[in-house]
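In: okay, structure incoming, though there's no sequence with it:
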Ligand code: NAD
């Protein structure tokens, strides 16, 4: 479905981003992957995408809190593949504390990685997309882009901002065959969420499995994690021609979280 397209997925060394990169590669897209992690494991992943799916994949180590590195990553993707057709803003971090205890440097880091990085990638990618009159921008927001929870002031602020950014970009690009949409997952079992479950188990002294169920049932009518592959499948659909007129939307994949 995406044969010959070039896609960049930020934060694709782990979790949801990795699943999106794999789903795009399975549809024939060439890839720029990005994110932190063990060098050998990342090279393994990059080479694996090429081998398993017969596409070309390159790795950018750009730090999503550094605007100059972000601009360079987008330029390199364009140069390598001759175009950047599909941009997925996925990199994200979390910190949990009441606002009066929230460290200022954690606020700055979360706003930089979870919100400002998307401004920088989109700003750099849109001119090329407009020139070629085709583009797909997919922002991985969260249920926390639509509703709030305690102790997540920076994350909730950044994700609400990202949903707003999605709408602005959609309107500005509406007549350039460029769409911009947000995906708003509920709980997806990835290293980011596993860290939160482990932290809760440490505080409560309860088994990890009990904390998993407690975490789900606090927010989701459906007591089941979304799989990263489910988000990958939706991203493929939004990047396809079938979704040509879907723009400015925020898609909930949240087991009923925001319906309750
Ligand atoms: P994860 O921790 O498994 O992956 C995060 C990725 O971002 C990793 O590849 C990491 O290296 C990368 N990253 C972090 N900081 C970076 C930086 N400064 N520069 C470049 N890369 C950086 O997390 P995940 O659960 O897969 O989350 C992915 C996205 O989905 C995030 O934006 C998150 O907020 C969102 N999300 C996750 C869930 C969930 O339940 N897991 C729910 C809703 C939204």
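Out: Happy to help now that I have it. Quantities reported herein were computed from a predicted structural model and do not represent experimental measurements. Numbering: from 1, shown residues only.

In: from here on, contacts and neighbour counts on C-alpha atoms
Out: Fine.

In: can I assume residue 250 is in contact with residue 182?
Out: Yes: with contact defined as CA atoms under 8 Å, residue 250 reaches residue 182; the gap is 4.5 Å.

In: what touches both of those two?
Out: By CA atoms under 8 Å, 6 or more residues apart in numbering, residue 250 and residue 182 have these common neighbours: residue 163.

In: and these two? Which one has more around it.
Out: Under the criterion of other CA atoms under 10 Å, the comparison of residue 250 against residue 182 puts residue 182 first, with 29 against 24.

In: check whether the host helix or strand of that one comes near the ligand.
Out: In this structure, residue 182 sits in strand 178-185 according to DSSP states H and E. Yes: remark: strand 178-185 sits within contact range of the ligand at residue 185, by CA under 6 Å from any ligand atom.

In: now the element after that strand, going C-ward?
Out: As assigned by DSSP H and E, the chain's next helix or strand after strand 178-185 is helix 191-204.

In: give me the mean pLDDT for that following helix.
Out: Here helix 191-204 scores 91 as its mean pLDDT.

In: what comes up buried for the next helix or strand after it?
Out: As assigned by DSSP H and E, the chain's next helix or strand after helix 191-204 is helix 208-219. If you call a residue buried by 16 or more other CA atoms under 10 Å, then helix 208-219 has these buried ones: 208, 211-212, 215-216, 219.

In: which helices and strands does helix 208-219 pack with?
Out: Counting contacts by 3 or more CA pairs under 8 Å, 6 or more residues apart in numbering; DSSP states H and E, helix 208-219 is packed against helix 191-204.

In: how about the residues of the chain near the ligand?
Out: Taking CA under 6 Å from any ligand atom as the measure of proximity, the chain contacts the ligand at 11-17, 35-37, 63-65, 90-93, 113, 140-142, 185-193.

In: okay, domains of this structure per the record?
Out: Annotated domains of the chain cover 6-188+226-259, 189-225 [automatic domain parsing].
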